[in-house]
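Visitor: Return atomic coordinates for the entry below.
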Amino acid sequence: MKKARLSILAGSCMMLIAAGASAEQYLPELASKTPYKKAYAEMLSFPGWVSKAQGTASPVERVSVEGKSFTVGHMCKPHDCADNQLSVVFNADGTKSWGLLATRSADGEAFNKQLLGNPDNVVEGLLNKSFSDNNPED
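Guide: This is a model prediction of the structure:
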């Protein structure tokens, strides 16, 4: 009888462990745990040349659109400008910025473009113009 109780208890424990392992998980919980935490942080980080603004660049331009002034700049990854570029627009007083990160796809043909900072249509137009001006063949 004692062995039967132990077997039932052990089986119950195993079922609880199995149930806990298959319980629903949510992204915020998962992203805060090892090993997911590191992978999540890496996904959100930018390459050093972007996050540290250490790229090859040309002089910035001051432009005015619809009565608003902006400063527009462009840089690229040193020694890999053809495949890794960033255009940035700052508002007139430099307190807000938006970006367009363009990285060439693995097939070497098209750029993958990522808008940064949620630009409006005017700013998005400036970012696209900066990219086009610096990539006349693409």
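Visitor: in the protein, which spans are helices?
Guide: For the chain, helices defined by DSSP state H occupy the ranges 2-21, 27-30, 36-44, 48-51, 121-134.
Visitor: rank these by pLDDT, which is bottom?
Guide: Ranked by mean pLDDT, these end with helix 2-21 at the bottom, a mean of 51.
Visitor: Which positions in stretch 43-63 come out as buried?
Guide: Neighbour-count burial for stretch 43-63, counted by 16 or more other Cβ atoms under 10 Å, picks out 49, 50, 55, 60. (C-beta placed from N, C-alpha, C; glycine too.)
Visitor: Between these, which sits nearest residue 76?
Guide: Among the buried residues of stretch 43-63, residue 55 lies closest to residue 76 (Cβ to Cβ), at 5.4 Å.
Visitor: Domain-wise, how is this protein divided?
Guide: 2-44, 53-134 (automatic domain parsing).
Visitor: Just name the most buried of these.
Guide: domain 53-134 (a mean of 15; mean count of other Cβ atoms under 10 Å).
Visitor: Next one: the residue nearest to the spatial centre of the chain from residue 95, what distance?
Guide: Nearest to the mean C-alpha position of the chain, counting by Cα atoms, centre = their mean, stands residue 44 at 4.8 Å. Distance, residue 44 to residue 95, using Cβ to Cβ, to the nearest Å: 23 Å.
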